[in-house]
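J.: The sequence and its predicted three-dimensional model are supplied below.
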Amino acid sequence: MKNLTLLAASTSTQQFLFQIHNSFFAVGFTTQTTFLPNRTTELTPHICCRTKQCRSKAFSTKQELLAALQKQEEEEEEEEEEAYSDDDTSFLSLSMKPDRSLGLLDDYETEELDFDPNHRSGYVALLGMPNVGKSTLANQMVGQRLSIVTDKPQTTRHRVLCICSGSDYQMILYDTPGVLQEQRHKLDSMMMQNVRSAAVNADCVLILVDACKAPEKIDEVLEGMGDHKDKVPTLLIMNKKDLIKPGEVAKKLEWYTKFTDVDEVIPVSAKYGHGVEDVKNWILSKLPNGPAYFPKDIISEHPERFFVGEIIREKIFLQYRKEIPYVCQVNVLSYKARPNAKDFIQVQILVEKNSQKIVVIGKNGNALKMLATAARLDIEDFLQKKVFLEIQVKVKENWRQDEGFLKHSGYGGQIGVY
């Protein structure tokens, strides 16, 4: 990757950085643009760093320099807090169903006013413990990879809206985060609130379990569904049946049918698509009659930049170990379509500690370069166009406990409109 940005400072510190010139590392700096809703981010100039000898020209001691930098960081944090407290006019809610008035279907509203009376449409919640295959199943049903998938638990953080349409049906799938038994951060509790609201709003619910594990009660997964005024149709899906013997599948199928309060149990292999058609047919038998909620030619309400951020987060999960994937938040600061050049995408990765930032960047920036290259290739495949990807890494302490920041980043059940 060319021109890959390794470190960042705020726009408000641009003149300040010119004063101290290049006093930290022999790598490039770029000014950081504030992550604001509904605002186009401008490209910012690079400040090249060649020597450490200019420090004394602006500050007599290292302590003065560090104190000045700390003051700048505090001012930046105040600016960010103001940005996160903006009104909600630039966000769409994922917590409520659109009105069936067809207000969102302008392109073909006239055609749909005379819709087929046998047409079915509705919302389907995918629930389950972490790493049982919810995202893999959602991708199989839509026929395209929308939700990121790794072998690590809790890969999915947002409730991803996946729209699966046919000539006589439309299923809107809520791919939800895995149900957490222990909620250690504000991020965890907000994700679980999204799981509960998805179940409450659904016309039917799919509960996924891992067929490789011993059968167990699903009470924790069902928690929160009691808020629904009526019991919704519920299907239990035994995923990963390809990894166990047919006799074991039959025994576990019998156990779940006998000891869980669900309408039906279906074994599947989401990875290979086995049994997915049976799941679709079950859903269609439960959805109410009515027109489509969304145009049939779209597969998600999320903007492209959301999926760009998710692809980068997936690569973080695949490349880094231990706590790093879980302390990283990916924000797409700027997405610019350029007709005569590659699309420009500027991304910020937030971590909670400087030691984590060092790991993400790696020696001589090699780890970050590897991440950016892998992400760029997948982004280009997803968008079907060439892109120029610029990645910054910044420390934001305890971002997982910052409710205002989390809401602004989409964890409050909303997505940004850009």
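T.: It's in.
J.: Identify the residue spatially nearest to His119, adjacent ones excluded.
T.: Excluding the flanking residues, the one nearest His119 by CB to CB, 6 or more residues apart in numbering is Asp168, at 5.3 Å. (C-beta placed from N, C-alpha, C; glycine too.)
J.: whoops, Pro130 was the one
T.: Using CB to CB, 6+ apart, the nearest residue to Pro130 is Gly178, at 3.0 Å.
J.: The residue nearest to His119 - how many residues pack around it?
T.: 12 (other CB atoms under 10 Å).
J.: Which residues are in contact with it?
T.: Asp116, Asn118, His119, Arg120 (CB atoms under 8 Å, 6 or more residues apart in numbering).
J.: Quick check: of those residues, which has the highest neighbour count?
T.: Neighbour max across the contacts of Asp168 (other CB under 10 Å) = Arg120, 21 neighbours.
J.: Tell me how far the residue nearest to that residue when sequence neighbours are not counted lies from Lys280.
T.: Counting by CB to CB, 6+ apart, Arg120 lies nearest to Leu287, which is 4.2 Å off, once chain neighbours are set aside. Distance, Leu287 to Lys280, by CB to CB, to the nearest Å: 11 Å.
J.: Pull up the overlap in contacts between those two.
T.: Met171.
J.: the more surrounded of those two?
T.: Each of Leu287 and Lys280 has its neighbours counted (other CB under 10 Å); Leu287 has more, 20 against 17.
J.: how much space between the residue nearest to Arg120 and Pro233?
T.: 9 Å.
J.: Ser165 touches Tyr293, doesn't it?
T.: No: assessed by CB atoms under 8 Å, Ser165 is found out of contact with Tyr293, at 9.8 Å.
J.: what's the burial count for Lys394?
T.: Counted with other CB under 10 Å, Lys394 comes out at 17.
J.: Sorry, wrong one. I was asking about Glu254.
T.: Counted with other CB under 10 Å, residues neighbouring Glu254 total 12.
J.: Could you tell me the per-residue confidence at it?
T.: Confidence at Glu254, expressed as pLDDT, is 94.
J.: What's opposite Tyr335 in the beta bridge?
T.: Beta-bridge partners for Tyr335, by DSSP bridges, are Ile345.
J.: In contact with it, which residues?
T.: Counting by CB under 8 Å, 6+ apart, Tyr335 touches Glu304, Arg305, Val308, Asp343, Phe344, Ile345, Gln346, Tyr418.
J.: swap in Trp255?
T.: Trp255 neighbours (CB under 8 Å, 6+ apart): Pro215.
J.: burial count for Lys271?
T.: 15.
J.: sorry, back to before: shared neighbours of Leu287 and Pro233, which are they?
T.: Asp203, Cys204.
J.: hmm, back to that, want to throw the contacts of Tyr335 into a markdown table with neighbour count and pLDDT?
T.: Formatted as a markdown table, the contacts of Tyr335 follow (neighbours: other CB atoms under 10 Å; pLDDT from 0 to 100):
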| residue | neighbour count | pLDDT |
| --- | --- | --- |
| Glu304 | 17 | 88 |
| Arg305 | 18 | 88 |
| Val308 | 23 | 94 |
| Asp343 | 19 | 94 |
| Phe344 | 16 | 96 |
| Ile345 | 24 | 96 |
| Gln346 | 23 | 96 |
| Tyr418 | 15 | 46 |
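J.: What is the nearest of those residues to Arg376?
T.: Closest approach between the contacts of Tyr335 and Arg376, by CB to CB: Ile345, at 8.6 Å.
J.: That closest one contacts Gln392, doesn't it?
T.: No: counting by CB under 8 Å, Ile345 does not reach Gln392; the two are 11.7 Å apart.
J.: check contacts around Val195.
T.: Leu127, Arg159, Thr176, Pro177, Val179, Gly224.
J.: Show the pLDDT at it.
T.: Val195 carries a pLDDT value of 77.
J.: tell me which residues in the helix or strand containing it are buried?
T.: Assigned by DSSP states H and E, Val195 belongs to helix 186-201. Across helix 186-201, burial judged by 16 or more other CB atoms under 10 Å covers 186-188, 190-201.
J.: cool, stretch 234-251 as well?
T.: Thr234, Leu235, Leu236, Ile237, Met238, Asn239, Lys240, Lys241, Asp242, Ile244, Val249.
J.: hang on, the second one in a strand?
T.: Yes: read with DSSP: H, G, I helix; E, B strand; the rest coil, Leu235 is one of the residues of a strand.
J.: No more questions from me, cheers.
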